[in-house]
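[1] below: sequence and its predicted model.
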Amino acid sequence: MKNSGIVTGTVPPIDPTGRIHLLFCVGDCADARTVVGTWAAQALAAGRVATVVPAATAARVTQFVQQARAGSRVLIAGPRREAMLAAAAARAAGVLPCETTTYVTATEGVSLFCPHCGRTGDVEAEPGAVVACGSCGLHLEIRPHLSGHHGTYLGAVACPSPGKETP
Ligand SMILES: [Zn+2]
């Protein structure tokens, strides 16, 4: 997976070939609401159908995507953690990666999977940083690769002999 469909910075335009645009605002974020409003205006200006789902949850994303017809595009805007979970839900519900755009508004905090204890936790760090697993305490390096399937980053064991050290 070269293109994960995760976008930051400049707001990407909608795909004008899509007939129906499902616009999800996640994470109760003002920036996300602005982005979704921009997309909705673009869709309407292009004569397309836009369905705006404010304050969407992963469950709502699943629900809408499952009811969506062919030709639909899924656009998600929100803080990274919530946006990634929503994107993973859309993927699991059957939407193709090329039909999904995920715009990340805030970059603090990621969802990190620990291969040691198998738990997923939220950490306030960026890929490349070394953090302690919230469950088992093992030091993990956040790999830059995003698992689009699970919406998490994978942690790699950074310290071969974890102790009970306290930072
Ligand atoms: Zn762990």
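    Everything's here; your move.

[2] CA atoms for contacts and neighbours, from now on please.
    Noted.

[3] show residues contacting the helix ranked longest in the chain.
    The residue-count maximum for a helix in the chain (DSSP state H) belongs to helix 30-45. Taking CA atoms under 8 Å, 6 or more residues apart in numbering as the criterion, the residues outside helix 30-45 that touch it are 11, 13-14, 16, 21, 23-26, 49-52, 54, 76-79, 105.

[4] ramachandran angles for the residue positioned nearest the centre of the chain?
    The structure's the chain has its C-alpha centroid closest to residue 84; by CA atoms, centre = their mean the separation is 1.6 Å. With angles defined as degrees, to the nearest 10, residue 84 sits at phi -70, psi -40.

[5] any idea how far it is from residue 116?
    When distance is defined by CA to CA, to the nearest Å, residue 84 is 22 Å away from residue 116.

[6] ok, residue 63 next?
    Residue 63 sits 33 Å away from residue 116 when distances are taken as CA to CA.

[7] what number of residues lie near residue 5?
    If you count neighbours by other CA atoms under 10 Å, residue 5 ends up with 17.

[8] ok, now residue 80?
    Residues near residue 80, counting by other CA under 10 Å, number 25.

[9] what's the pLDDT at it?
    With respect to pLDDT, residue 80 scores 82.

[10] in the record's domain split, what are the boundaries for the protein?
    Per automatic domain parsing, the structural domains of the chain span 16-104, 110-157.

[11] which among the contacts of helix 30-45 end up buried?
    11, 14, 21, 23-26, 49-52, 54, 76-79, 105 (16 or more other CA atoms under 10 Å).

[12] quick one: low-confidence parts of this protein?
    Using pLDDT under 70 as the threshold, the predicted model of the chain has low-confidence ranges 1-4, 107-109, 149, 159-167.

[13] and the strands in it?
    For the chain, the strands defined by DSSP state E occupy 6-7, 20-26, 49-56, 72-78, 100-104, 110-113, 120-123, 130-132, 139-147, 152-157.

[14] save the ones you listed as TSV, and put in distance to residue 35 too.
    Supplementary listing: the strands of the chain in TSV, determined by distance: least, CA to CA, whole Å:
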stretch	distance to residue 35
strand 6-7	12
strand 20-26	8
strand 49-56	11
strand 72-78	7
strand 100-104	8
strand 110-113	21
strand 120-123	24
strand 130-132	31
strand 139-147	23
strand 152-157	23
